[in-house]
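J.: Following is a predicted model, sequence given first.
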Amino acid sequence: MEVQVSPGDEADLAALTDIYNHYVRATAITFDVTPVTLGERRPWLLAHPEDGPHRLLVARDTRTGDGILGYATSSPFRPKAAYATSVETSIYLAPGAGGRGVGTLLYERLFAALRSEDVHRAYAGVTLPNEASIRLHERFGFERVGVYREVGRKFGVYHDVAWFEKRLE
């Protein structure tokens, strides 16, 4: 597999929305309970420019042309100004793309890009259980800093969310 990682753009919106909606419909990984439309997802895409601390990186299989394999983002952690040097990271892979190193490649490129930004900490919330996501975050130096117990209900079940933190300086 040959994977190219590049900034996401408007042409990727439908594929990115499809990947996200898979997790909305089939998992508790995201706490959205209703699939999002392209119009609802467009502001999210536009909030991740090609440069700066809030990025969207997309992985594509260039050998087979199978389209987008996944994406990683760094987004504002919280809206208040004092949080500006913190980001929340997330990663979503297309169904069937896990276990092939795509997530690792996306995070390698994302954290390399963030080195040149004024970012002090990265945070990630992981709905439990999700051993694959925990392993990925720990491999990149994230440490568990706490768990919100039964913070979200999806599919009639309450779910915990573990929070992870990574120093970026």
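T.: It's in.
J.: Nearest residue to the residue nearest the centre of the chain in space, please, no chain neighbours.
T.: Nearest to the mean C-alpha position of the chain, by C-alpha atoms, centre = their mean, lies Ser90 at 2.0 Å. Nearest residue to Ser90, sequence neighbours excluded (C-beta to C-beta, 6 or more residues apart in numbering): Thr73, at 5.3 Å. C-beta coordinates here come from the backbone N, C-alpha and C atoms, glycine included.
J.: For beta bridges, what are the partners of that neighbour?
T.: Per DSSP bridges, the residues bridged to Thr73 are Leu56, Ser90.
J.: per-residue pLDDT, Glu131?
T.: Here the pLDDT value assigned to Glu131 is 95.
J.: so Val145 sits in a helix?
T.: No. Assessed with DSSP: H, G, I helix; E, B strand; the rest coil, Val145 is strand; it does not lie in a helix.
J.: residues near it, how many?
T.: Residues within reach of Val145, counting by other C-beta atoms under 10 Å, total 10.
J.: just Ser133 next, same as before
T.: 21.
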